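Participant: got a predicted structure here, sequence first:
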Amino acid sequence: MMRAAALSALVVCAAVAGLFAQADQVEAVGANRAAVIVTTQGGTVARCVRFTTSSISGVDALRAAGFELVTAGFGGLGAGVCSIGGEGCPAASCFTCQAPKSWKYYRAPGGSGSWSYSELGASATTVADGDVEGWIFTSGDQKPGLQSVDEVCGPEPSSTSSVPAAAPAPLPAEPPASNQEGDTPVGVAGTTEVAPGSADIPQPPPSTAGEPQEEASEEGSPTDPEAGETGGEVATAPDSDLQLASTPTGDERRDGGGTAALSIVLAILALAVPATALVVIRRRNRTLRDPTPS
């Protein structure tokens, strides 16, 4: 059991190490790059080649670009390319099967911007970062169309990656203006404006707490308009010697409680006076019917 567990652990470790190694290779693929341009009778194909070593050969660059090759050796000059992608000659008749046509090899080292014909075979040349390799199947001095490495591979990523600026924090919502027309802040009493020429509107007194209240007239109307507004008045019922005074508190004065209390008192008196008169009349009639003997 212990051996099986140890073996499983080794397998897992090896798998993880392999994944990390693959990741390192993938990251290193883009270290160096070159462009390979091949012109055939069907058109021009340009491909990007990436490699991790300092340099590769011309044949390696063609194969890395995905082209199928047929080559033939020529001694110290290196191997010559007989066929690219099925177009050309077999190795036995590398330069003669379609003479005078053959594959011509041009180079633009380091992105020089101009082609140079290679006197060496593709296996003997050195392709470094930024080089452009050109091939064309022709019988004359025609050259393939030249493109830069950036045009084929795309621009190189910047060495310093720019960090996007953080989005500004949203501004807090502005509170509604407390002094706008029609708005009354919480906890602040509203005010009433009187337009010029309009009827006078009685205003509550600034402070009447603890002050003696003025007596109302006998008709029940307040002698002071402000007193009538706040409810601090004394009313007298008609045909009655009773005089009632209502002295509301400051809270009742503000919310109109004195006026409501006065209305209730007047209503009670209005009902009580006729009832009292009716009782007196009945007693008087009873006395007249049943006189008390002297």
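Facilitator: Thanks, I have it.

Participant: the spatially closest residue to Gly73 that is not a sequence neighbour: neighbour count?
Facilitator: Nearest non-adjacent residue to Gly73, counting by C-beta to C-beta, 6 or more residues apart in numbering: Ala79, 5.0 Å away. Any C-beta I mention is one placed from the backbone N, CA and C, and that applies to glycine too. Using other C-beta atoms under 10 Å, Ala79 has 21 other residues around it.

Participant: Ala79: what's it in contact with?
Facilitator: By C-beta atoms under 8 Å, 6 or more residues apart in numbering, the residues touching Ala79 are Val59, Thr71, Ala72, Gly73, Gly121, Ala122, Ser123, Ala124.

Participant: among these, which pair sits farthest apart?
Facilitator: Within the contacts of Ala79, Ala72 and Ala124 form the most distant pair, 13.3 Å apart (C-beta to C-beta).

Participant: helix or strand: which one has Leu266?
Facilitator: helix 257-289 (DSSP states H and E).

Participant: next, Gly58: phi, psi?
Facilitator: With angles defined as degrees, to the nearest 10, Gly58 sits at phi -60, psi -40.

Participant: thought Ser148 was touching Gly111?
Facilitator: Yes: counting by C-beta atoms under 8 Å, Ser148 does reach Gly111; the two are 5.6 Å apart.

Participant: look at those two and report which has more neighbours.
Facilitator: Shown here are Ser148 and Gly111; by other C-beta under 10 Å, Gly111 has more neighbours (16 against 13).

Participant: what is the neighbour count of the residue nearest to that one when sequence neighbours are not counted?
Facilitator: Distance criterion C-beta to C-beta, 6+ apart; nearest residue to Gly111, sequence neighbours excluded, is Gly130 at 5.0 Å. Residues near Gly130, counting by other C-beta under 10 Å, number 19.

Participant: contacts only, for Gly130.
Facilitator: Per C-beta under 8 Å, 6+ apart, neighbours of Gly130: Arg33, Ala34, Gly110, Gly111, Val149.

Participant: do that again at 10 Å, thanks
Facilitator: Applying C-beta atoms under 10 Å, 6 or more residues apart in numbering, we find Gly130 in contact with 32-35, 108-112, 148-150, 153, 156.

Participant: then Ala46?
Facilitator: Applying C-beta under 10 Å, 6+ apart, the residues contacting Ala46 are 35-39, 65, 132, 134, 144-147, 151-153.

Participant: SS state for it?
Facilitator: Assigned by DSSP: H, G, I helix; E, B strand; the rest coil, the conformation of Ala46 is strand.

Participant: tell me the SS of Gly134?
Facilitator: Per three-state DSSP, Gly134 ends up strand.

Participant: my read is that it contacts Pro144, right?
Facilitator: Yes: contact criterion C-beta atoms under 10 Å: Gly134 and Pro144 qualify, at 4.2 Å.

Participant: tell me which of the two has more neighbours.
Facilitator: Under the criterion of other C-beta under 10 Å, the comparison of Gly134 against Pro144 puts Gly134 first, with 25 against 22.

Participant: shaky segments in the stretch 51-200 of the chain?
Facilitator: 158-200 (pLDDT under 70).

Participant: for it, what spans make up the strands?
Facilitator: With DSSP state E, counting those that start in this stretch as the criterion, the stretch 51-200 of the chain has strands at 55-56, 69-73, 79-84, 87-88, 102-108, 116-117, 127-128, 132-138.

Participant: buried deepest among these, which one?
Facilitator: strand 132-138 (a mean of 23; mean count of other C-beta atoms under 10 Å).

Participant: what strands line up against that strand, and which way round?
Facilitator: Note on strand 132-138: by DSSP bridges, its sheet partners are strand 32-40 (parallel), strand 102-108 (antiparallel).

Participant: of those, which is nearest Leu278?
Facilitator: Using C-beta to C-beta, the strands paired with strand 132-138 put strand 32-40 closest to Leu278, at 120.6 Å.
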